[in-house]
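1. With the sequence up front, the predicted model follows.
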There are 2 protein chains.
Amino acid sequence: MNSAIAPQSNTTRIVGPAATRTAILDAARVRFATDGFTSSTIRKIAADAGVDPSLVMQYFGSKDDLFASVMDLGPNTMSRLSEAFNGAIDSIGERVTRAFLEIWDGDPLVSQPLQALLRAAIGNAQATVQLRSLIQKRVIDDLSPRLREGDMAIRIEIASSMLVGVIVGRQLVQIEALVEQDREALIRYIAPSIQAILGNPGDVGLD
Amino acid sequence: MNSAIAPQSNTTRIVGPAATRTAILDAARVRFATDGFTSSTIRKIAADAGVDPSLVMQYFGSKDDLFASVMDLGPNTMSRLSEAFNGAIDSIGERVTRAFLEIWDGDPLVSQPLQALLRAAIGNAQATVQLRSLIQKRVIDDLSPRLREGDMAIRIEIASSMLVGVIVGRQLVQIEALVEQDREALIRYIAPSIQAILGNPGDVGLD
DNA sequence: GCGATTCCTCAACAGTTGTTGAGGAGACCG
DNA sequence: CGGTCTCCTCAACAACTGTTGAGGAATCGC
């Protein structure tokens, strides 16, 4: 099972009419984003879309393939993150913070799959492997060489984890105080904190 | 299902010999921490402990109750967090960072249940409700009144989310760069960042 | 009109899940 | 020795899972 967390670029033969297909995909996106992978059943997704469960199978092949189809967002989405990292260092905190929040807070076609990916990856240990490779390929490898010098790599990973933490709290766990704040307010709070860790590479010795 | 995420203080009648009981509890702790709630099956846990699946039922009543038993760590564990928040504000960043990392990185009897709780809460939307109430009761309500003034509450929630993000990256997703660092090194990187958000309440207008 | 193709429904499969109840093995008490 | 109680095993249940294959209905090309 879940061998298909990483987006597939296979141009598998598309079967079924576009309308029903997107209805299923919409239902699947929501289910995977809210219930996670294992708790989302083909039968529930089919019911949400108003179709027969076996139709989902005939259209998408398997539950894994359906998940992969949901996860198939353009490769440029993640590159927005590495763009934010590359750039003037004295405003890196705000740029990176904004990029993370915008991606997970914007178009549901992007944010819902990413939520599903987070839930799947955190939900059980197996799925985490694919999340790691996705991040590695789509973000880390796109960073400018300058950002790999010294301890900047570890700083980037910490900052990313922190921002994902905020997103988990806001989007998944839905902590009230975080949901209430609008995006710009959150950025004002968080940006200085991210700037503190990304903007001062090398000086760790102050104690 | 999973109606028992919040620790139960019910002194339910303890059944079975202590040795077998703890063997089951140990197996369950590991399973829940690594596989999450839904993917952890009674049969697998029983096999790990070397006992019959139905024995687990007879000892703990149900899968939910077993999870609750695993989750039943002393109430003082979480209070270490609020202690860290209460205290001198110019060293709050390091204190809070250290408290979070120590709790999730120390005694497996504490850290494994907390990992399981995170996986369960993030894995599917239903379980998040109980996580929220746990945090609310065990941490927020213990904060000194001084920390509820102004925007300090939201700052605390953001900082907590960020630290949980680091823990998720380090313990659950096991991002290589985060796992490699020892605790003190991580604290040196993160503390200034947490200090930036907790140490300067009120000044949000600088743009 | 008719054959073929596409779209969809229905019933069923094999496997896994939590959970239950009956009963056996052995210790312990009288 | 006989009875009781604890500890445990076994088989089975009902529900749910992903998945499959057969067949009906509608549509399209001719």
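-> The structure has been received and is ready for your questions.
2. Stretch A:113-130 near DNA strand C at all?
-> No: against DNA strand C, stretch A:113-130 shows no contacts by CB under 7 Å from any atom of the strand, the least distance being 12.0 Å. C-beta coordinates here come from the backbone N, C-alpha and C atoms, glycine included.
3. In chain A, what residue lies closest to chain B?
-> Among the residues of chain A, residue A:165 lies nearest to chain B; the distance is 1.8 Å by CB to the nearest CB.
4. so which strand or helix has that residue?
-> Residue A:165 is part of helix A:152-167, with elements assigned from DSSP states H and E.
5. Flag every buried residue along the helix or strand following that helix.
-> Following helix A:152-167 in sequence order, the next helix or strand is helix A:176-180 (DSSP H and E). Buried residues in helix A:176-180, counting neighbours by 16 or more other CB atoms under 10 Å in any protein chain shown, are found at A:177-178.
6. now do stretch A:73-90
-> Buried residues in stretch A:73-90 (16+ other CB under 10 Å): A:73, A:77-78, A:81-85.
7. What mean pLDDT does that stretch get?
-> Averaged across stretch A:73-90, the pLDDT comes to 86.
8. Kindly check the end-to-end length of it for me.
-> Stretch A:73-90 has an end-to-end distance of 31 Å (CA to CA, to the nearest Å).
9. who touches it?
-> Residues outside stretch A:73-90 that contact it (CB atoms under 8 Å, 6 or more residues apart in numbering or on different chains) are A:7, A:92, A:95-96, A:98-100, A:102-103, A:109-110, A:113-114, A:134, A:138-140, A:142-144, A:147, A:156, A:198-199.
10. That one: how far from the chain's middle?
-> 13 Å (CA atoms, centre = their mean, to the nearest Å).
11. now stretch A:155-167
-> 12 Å.
12. And stretch A:68-84, by the same measure?
-> 8 Å.
13. next one: stretch A:116-135
-> 10 Å.
14. could you pull out the helices for chain A?
-> Under the criterion DSSP state H, chain A contains helices at A:18-39, A:42-49, A:53-60, A:63-70, A:76-85, A:92-105, A:108-123, A:125-138, A:152-167, A:176-180, A:183-198.
15. Would you single out the least confident of these?
-> Among those, helix A:125-138 scores lowest, with a mean of 71.
16. now the residue most central in space within chain A, nearest residue through space, not along the chain?
-> Among the residues of chain A, residue A:114 comes closest to the average C-alpha position under CA atoms, centre = their mean, at 3.0 Å. Excluding its sequence neighbours, the residue lying closest to residue A:114 (CB to CB, 6 or more residues apart in numbering or on different chains) is residue A:104, at 5.9 Å.
17. mind listing what the one you found touches?
-> Going by CB under 8 Å, 6+ apart, residue A:104 touches A:111, A:114-115, A:167, A:170-171.
18. can you check residue A:167 too?
-> A:100-101, A:104, A:118.
19. switch the cut-off to 6 Å
-> residue A:104 (CB atoms under 6 Å, 6 or more residues apart in numbering or on different chains).
20. repeat for residue A:66
-> A:28, A:60.
21. How much space separates the residue nearest to residue A:114 from residue A:81?
-> Distance of residue A:104 to residue A:81, given as CB to CB, to the nearest Å: 11 Å.
22. Check residue A:135 too.
-> 9 Å.
23. Quick check, residue A:191 in contact with residue A:97.
-> Yes: judged on CB atoms under 6 Å, residue A:191 makes contact with residue A:97 at a distance of 4.7 Å.
24. higher neighbour count, these two?
-> Set side by side, residue A:191 and residue A:97 show more neighbours around residue A:97, with 27 against 22, by other CB atoms under 10 Å in any protein chain shown.
25. which residues sit in contact with the more buried one?
-> Per CB under 6 Å, 6+ apart, neighbours of residue A:97: A:187, A:190-191, A:194.
26. now residue A:110
-> So residue A:110 contacts A:73, A:77 (CB under 6 Å, 6+ apart).
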